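> Quick one, what's the 3D model for this:
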Amino acid sequence: MSFRIRGQNATSGMGVADHSKDAFLELKRKKAYRYVIFKIDEKKKEVVVEKTGNPAESYEDFTASMPENDCRYAVYDFDFVTSENCQKSKIFFIAWLVLSHPVF
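Numbers count the residues shown, from 1 in each chain. As a prediction, this is how the structure comes out:
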């Protein structure tokens, strides 16, 4: 997974806080977190870390940490065992959306 962000995006004017990049890299390289939840700070016009989950937390802990009435972005480090009994890990990017009405 690549997470290349260089300052502000020229078209949106939205930047990414250094601690947001650092948190992702700590999840990816050091397995310091199970997940990182990001939000947009409208005043600063940048993506910031709202919450991190320790490595022992579950997917249920992650979803319980997400807001019911607001959107967020997150990365989640999913551990699993293959059919060959090998321990693996995949990092997922999640866009958490709140819909005001059902989409059919």
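> How many neighbouring residues does residue 50 have?
If you count neighbours by other C-beta atoms under 10 Å, residue 50 ends up with 19. To be clear about C-beta, it is placed using only N, CA and C from the backbone, and glycine gets the same treatment.
> Then residue 73?
16.
> Tell me if I'm right that it and residue 96 touch.
Yes - contact criterion C-beta atoms under 8 Å: residue 73 and residue 96 qualify, at 7.1 Å.
> center of this structure - which residue?
residue 74 (1.9 Å; C-alpha atoms, centre = their mean).
> in terms of contact, does it touch residue 63 like I think?
No - if you go by C-beta under 8 Å, residue 74 and residue 63 don't touch, sitting 9.8 Å apart.
> Give me the pLDDT for the residue of the chain positioned farthest from its centre.
Distance from the C-alpha centroid of the chain peaks at residue 84, with 28.9 Å (C-alpha atoms, centre = their mean). pLDDT for residue 84: 97.
> now it, what's its secondary structure?
coil (DSSP: H, G, I helix; E, B strand; the rest coil).
> Assign the residue lying closest to residue 32 once chain neighbours are set aside to helix, strand or coil.
Spatial nearest neighbour of residue 32, chain neighbours left out: residue 26 (4.0 Å); criterion: C-beta to C-beta, 6 or more residues apart in numbering. For residue 26, the assignment made with three-state DSSP gives helix.
> my read: residue 26 touches residue 20, true?
No - Residue 26 is beyond contact range of residue 20, at 11.0 Å (criterion: C-beta under 8 Å).
> more neighbours, the two?
Between residue 26 and residue 20, residue 20 has the larger neighbour count (other C-beta under 10 Å), namely 21 against 15.
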